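Asks: With the input below, show me the fold.
(2 chains)
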Protein chains: 2
Amino acid sequence: MSRSSRTFDDQFNAFCQDSDAYLQGAPEGDLSGLTFAAKDIFDVAGQVTGGDNPDWKATHPPATSTARVVQALVDAGATMVGKTITDELTRGIFGENVHYGTPANPRAPGRVPGGSSSGSAAAVAGGLVDFALGSDTGGSVRVPASFCGLFGLRPTHGRIPLDGILLQAPSYDTIGWFARDAESFARVGAVLLSAGAAAPRPARLVVAQDAFDLAEPPVAKALRPALDIVASIIGPVSSQVLAPAGLTEWSDHQQVLQGREAWDTVKEWVDQVNPRFSFEVSDRYVMARSISDSQVAAAQAGRNSIVARMNEVFADVATVVCLPSTVAPAPPTGQKVSARHSLRLRNSALTSIAGNTGRPQISLPMAEVDGLPVGLSLLGDRGSDEMLIALAREIAAAL
Amino acid sequence: MSRSSRTFDDQFNAFCQDSDAYLQGAPEGDLSGLTFAAKDIFDVAGQVTGGDNPDWKATHPPATSTARVVQALVDAGATMVGKTITDELTRGIFGENVHYGTPANPRAPGRVPGGSSSGSAAAVAGGLVDFALGSDTGGSVRVPASFCGLFGLRPTHGRIPLDGILLQAPSYDTIGWFARDAESFARVGAVLLSAGAAAPRPARLVVAQDAFDLAEPPVAKALRPALDIVASIIGPVSSQVLAPAGLTEWSDHQQVLQGREAWDTVKEWVDQVNPRFSFEVSDRYVMARSISDSQVAAAQAGRNSIVARMNEVFADVATVVCLPSTVAPAPPTGQKVSARHSLRLRNSALTSIAGNTGRPQISLPMAEVDGLPVGLSLLGDRGSDEMLIALAREIAAAL
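Replies: Here you go, the predicted model:
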């Protein structure tokens, strides 16, 4: 790690002010000339990986090596210029960190950037870097991509290694990235997904009717022209209800399973340190602590049913499912906890489809509602990450 | 308010560093020459009453007038030299504030001072002031008095006005004070309790057998000589079990009722601000939020039974009940949250007797276990505050 010297003004409060992480890219490589940032959950040798919680920072030593994906990007020529703000310990999807401030949404002033990969999305949307790394456990790449008008991918679960990353809930954790344009997005993907086999080009587009029904009407309406473009590229379109009993039930199962895993991840540390959290974050941990083993078993059975149902949707021919990335554009900053909680649950109904089944989902910046970005998502089968990225390029070229 | 100039070094981290509250005592009065401090829940005109939570401080304006009791002390000649640290929003009985640090226990190095009136107890025990104001909702004067080897009173509920004080749970809230010696303690009491009628001298001492059974054996043993002195002064002694079904049940009722009231006190603010709390404090609020109306009704019925039972104990003749102030001396600082939780509940079984019945209880610094102070408590009937203070003087003189 060389001592940094950022050449830009962080006007969006996207970067961690107490980190000087800087990794000069290798002289030649596929990403030469690109700069990037990484959420404060990626290890950089010599720096504390802080998860943007002050007590986590104070009670953990500097990382002794650099996260594998960060090193791969640097080896490919990209220069890492800093660490970005996250919701504390990745527990949030709106990007409001009470300790270090809320990164601005460069595309929607006065509104949240989305989280938990908030600073990464803000840094990319604000043009401070070419791309940025985030993570997505319950929507933490897809939601900020939607709110900030970016390309963002939650990859197939297990596809990209998580070595050297501060995890939350292992059976849901993934890492992803953001870019402003499909070309840059694809260049990064070629490095991060280097081991992948090619997935077939989709032969069918499934419009997730129940997902669109959950979106606020102006969002569903704004996404319609984008959907038509996607349909014109992919071909045969059908509409399906994914969850006959409601997507909210799918989200409920994820809340239970992710909550249990997230509490298991931190409970010993919480007991030892009595850390400072926002009330909202503590609330989620306390509620998670109260989840019983029988609730976990029931939720796991529910998750198995979701997997079986989505296997049906993807059966027979190569399929892409289309859905809104979020039910609404970015809300204003400073909303009440209760209002945020309600909106979070509604978005989770959308994000839990990929979350529960480990499938990849890419959010495309294809629409606006009253000038505020909102994303259209394409959800592919496991391992179809490269295909989704290629589709994104094709769609972007058609805009 | 004149700008301060404390003439001492706050070696015990007892005082709020971000307050310069200073009120010069009136030139002549019963408390002339005495200095005092007040917990950061007492209004001082021109200062924010912060409750030692950073977000409470940031979201509340300076007080426009001074709390009635503070003004009464100043008018009586005492000089207020500063505000003292409290557990945030008075939610704790060990005195560990994650935002502003834990005041030292001058009598037990390496151990907590007790809370929530932690800084007030530390300032008095460390000789920085002659006396200090605290508050006691669930033990926040009695516990630090016990841990720091001080005289401390929880007065009759409703006896001392709470105007200008950041409250927690109105049906349990009281304010009290600490001093190192019984004479100073009584001088302050004469000012704060000026409107009182004299209670009769007690004719009977009841030893609360179940309360002593809850104390750790070395504590019960260490308090025995003190108990003998009290018995020799008061006269006829009998031993009684106060709570046939167990004092823990009494504490459980208080946890429910106090918890509900405490949540009602802050819930709108919490929803608006999403404040930073220690995990432990949020935990208590989240659990309190989940208390149902039927649980409240059951606990209120339980409280009514406690009142009836204690009315029996105090029937017929003027009575004083004797009990340990705490089950153990001060624990070390930095214990795990789970260990603190367990010890808090055990102490609450003792403190809930006065709490649930609104009776006054004075803690006397009359014993040590391995050099660590532990208090003996005298619990009187409603309105007997002056009598308890007079007894404290008599007992102290007999030591």
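
Asks: mind listing what's buried in stretch A:324-342?
Replies: For stretch A:324-342, the neighbour count (16 or more other Cβ atoms under 10 Å in any protein chain shown) marks A:324, A:325, A:326, A:327, A:328, A:329, A:330, A:331, A:333, A:335, A:337, A:340 as buried. C-betas here are computed from N, CA, C, even on glycine.

Asks: And those, which is closest to residue B:35?
Replies: Ranked by distance to residue B:35 (Cβ to Cβ), the buried residues of stretch A:324-342 are led by residue A:337 at 41.8 Å.

Asks: Spatially, which two of the buried residues of stretch A:324-342 are the most separated?
Replies: The most distant members of the buried residues of stretch A:324-342, if one measures by Cβ to Cβ, are A:324 and A:337, lying 24.3 Å apart.

Asks: and the nearest residue to residue A:211 once chain neighbours are set aside, which of the three is it?
Replies: Closest residue to residue A:211 apart from its sequence neighbours, by Cβ to Cβ, 6 or more residues apart in numbering or on different chains: residue A:323 at 3.7 Å. Using DSSP: H, G, I helix; E, B strand; the rest coil, the structure places residue A:323 in strand.

Asks: quick one: contacts for residue A:323?
Replies: Contacts of residue A:323 were listed using Cβ atoms under 8 Å, 6 or more residues apart in numbering or on different chains, and they are A:207, A:208, A:211, A:212, A:350, A:353, A:376, A:377, A:379.

Asks: let's see 10 Å
Replies: The contact partners of residue A:323, by Cβ atoms under 10 Å, 6 or more residues apart in numbering or on different chains, come to A:206-212, A:214-215, A:223, A:227, A:242, A:247, A:350-351, A:353-354, A:361, A:363, A:375-379.

Asks: Can you tell me which of those residues are classed as buried?
Replies: Neighbour counting by 16+ other Cβ under 10 Å classes A:206-208, A:210-212, A:214-215, A:223, A:227, A:242, A:247, A:350-351, A:353-354, A:361, A:363, A:375-379 among the contacts of residue A:323 as buried.

Asks: got the domain boundaries for chain A?
Replies: According to automatic domain parsing, chain A comprises the domains A:35-192, A:204-248+A:291-398.

Asks: With respect to burial, which of those scores highest?
Replies: Of all the domains of chain A, domain A:35-192 has the most neighbours on average by mean count of other Cβ atoms under 10 Å in any protein chain shown, namely a mean of 25.

Asks: Point out the residues in chain A that sit beside chain B.
Replies: Residues of chain A lying close to chain B by Cβ under 10 Å from any Cβ of the partner chain are A:54-55, A:88, A:96, A:98-99, A:266-268, A:270-287, A:289-290, A:334-341.

Asks: Among those residues, which lie within strands?
Replies: Per DSSP state E, strands hold the following members of those: A:276, A:277, A:278.

Asks: What about these, which one has the most neighbours?
Replies: Highest neighbour count within those: residue A:277, with 28 neighbours (other Cβ atoms under 10 Å in any protein chain shown).

Asks: May I ask you to confirm that that one is in contact with residue A:269?
Replies: No. Counting by Cβ atoms under 10 Å, residue A:277 does not reach residue A:269; the two are 11.7 Å apart.

Asks: Find the nearest non-adjacent residue to residue A:234, please.
Replies: Distance criterion Cβ to Cβ, 6+ apart; nearest residue to residue A:234, sequence neighbours excluded, is residue A:205 at 4.3 Å.

Asks: Next, the one residue in the stretch 101-250 of chain A that gets nearest to chain B: phi, psi?
Replies: Nearest residue of the stretch 101-250 of chain A to chain B (Cβ to the nearest Cβ) works out as residue A:102 at 11.1 Å. Dihedral pair for residue A:102: phi -100, psi 120, per degrees, to the nearest 10.

Asks: for residue A:378, helix, strand, or coil?
Replies: Of the three states, residue A:378 takes strand under three-state DSSP.

Asks: So it sits against residue A:229, correct?
Replies: No. Residue A:378 lies out of contact with residue A:229 (Cβ under 10 Å); the separation is 11.7 Å.

Asks: Give the residues shared as contacts by these two.
Replies: A:364, A:395.

Asks: What segments of chain A are strands?
Replies: In chain A, the strands defined using DSSP E lie at A:35-39, A:79-84, A:131-135, A:151-154, A:175-179, A:204-208, A:237-240, A:276-278, A:319-324, A:361-369, A:372-379.

Asks: In TSV, list these along with mean pLDDT.
Replies: Shown next, in TSV, are the strands of chain A (pLDDT from 0 to 100):
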stretch	mean pLDDT
strand A:35-39	98
strand A:79-84	98
strand A:131-135	98
strand A:151-154	98
strand A:175-179	98
strand A:204-208	97
strand A:237-240	96
strand A:276-278	98
strand A:319-324	98
strand A:361-369	97
strand A:372-379	98
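
Asks: out of those, nearest to residue B:235?
Replies: Using Cβ to Cβ, the nearest of the strands of chain A to residue B:235 is strand A:276-278, at 52.1 Å.

Asks: Residue B:298: which of the buried residues of stretch A:324-342 is nearest?
Replies: For the buried residues of stretch A:324-342, the residue nearest residue B:298 by Cβ to Cβ is residue A:337; the value is 28.6 Å.

Asks: check contacts around the closest one.
Replies: Counting by Cβ under 10 Å, 6+ apart, residue A:337 touches A:278, A:279, A:280, A:283, B:267, B:270, B:271, B:272, B:273, B:274, B:275.

Asks: which of the residues you listed are buried?
Replies: Buried members of these, counted by 16+ other Cβ under 10 Å: A:278, A:279, A:280, A:283, B:270, B:271, B:273, B:274, B:275.
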